[in-house]
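Engineer: quick one, what's the 3D model for this:
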Amino acid sequence: MALEVGIVGPAGSGKTSLFTALTKAGGGDYGKTNLGVAPIPDERLGALAEVVHARKVTAATTPNAATTPAALDPSPSFLSPLKSADAST
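Structural biologist: Below is the predicted model of the structure:
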């Protein structure tokens, strides 16, 4: 089960900066919803893979969406990425 995170806040509050820091993606377009995937590092993963002799090791990731204030465009298409989010920041 994946955890989806939505980043919401007023203009100039650092949403894009947080989004960029999490996803290592470039800054998004102003007034648009930006989608990206953030890796979840876990130093225990390598040790666990050795114990179970895993052939492949895949780190966990979490989808993220960053959007501008709903007041700019409260339409369903604009807010739909946030409706499916499990958590909002």
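Engineer: and Val51, helix, strand or coil?
Structural biologist: Of the three states, Val51 takes helix according to DSSP: H, G, I helix; E, B strand; the rest coil.
Engineer: how many residues are close by it?
Structural biologist: Neighbours of Val51 under the rule other C-beta atoms under 10 Å: 8. C-betas here are computed from N, CA, C, even on glycine.
Engineer: show the residue spans covered by the strands in this structure.
Structural biologist: 5-8, 34-40, 60-67, 87-88 (DSSP state E).
Engineer: which helices and strands does the first one pack with?
Structural biologist: Here strand 5-8 touches helix 15-23, strand 60-67, helix 76-83, strand 87-88, going by 3 or more C-beta pairs under 8 Å, 6 or more residues apart in numbering; DSSP states H and E.
Engineer: picking up where we left off before, who wins for proximity to Leu48 among the strands of the chain?
Structural biologist: Evaluated over the strands of the chain, closeness to Leu48 peaks at strand 60-67, with 12.3 Å, by C-beta to C-beta.
Engineer: any idea which of the strands of the chain scores lowest on pLDDT?
Structural biologist: In terms of mean pLDDT, the lowest-scoring of the strands of the chain is strand 87-88 (a mean of 70).
Engineer: what is the burial count for Ala65?
Structural biologist: Neighbours of Ala65 (other C-beta under 10 Å): 22.
Engineer: same deal with Val52?
Structural biologist: 7.
Engineer: check the closest residue to Gly9 other than its chain neighbours and give its pLDDT.
Structural biologist: Nearest non-adjacent residue to Gly9, counting by C-beta to C-beta, 6 or more residues apart in numbering: Lys15, 5.1 Å away. Lys15 carries a pLDDT value of 79.
Engineer: so Lys15 sits against Val8, correct?
Structural biologist: Yes - the criterion here is C-beta atoms under 8 Å, and Lys15 meets it with Val8 at 7.2 Å.
Engineer: ok, those two, which is more surrounded?
Structural biologist: The neighbour count for Lys15 versus Val8, taken as other C-beta under 10 Å, is higher for Lys15 (21 against 17).
Engineer: where's the more buried one relative to Thr58, distance?
Structural biologist: 28 Å (C-beta to C-beta, to the nearest Å).
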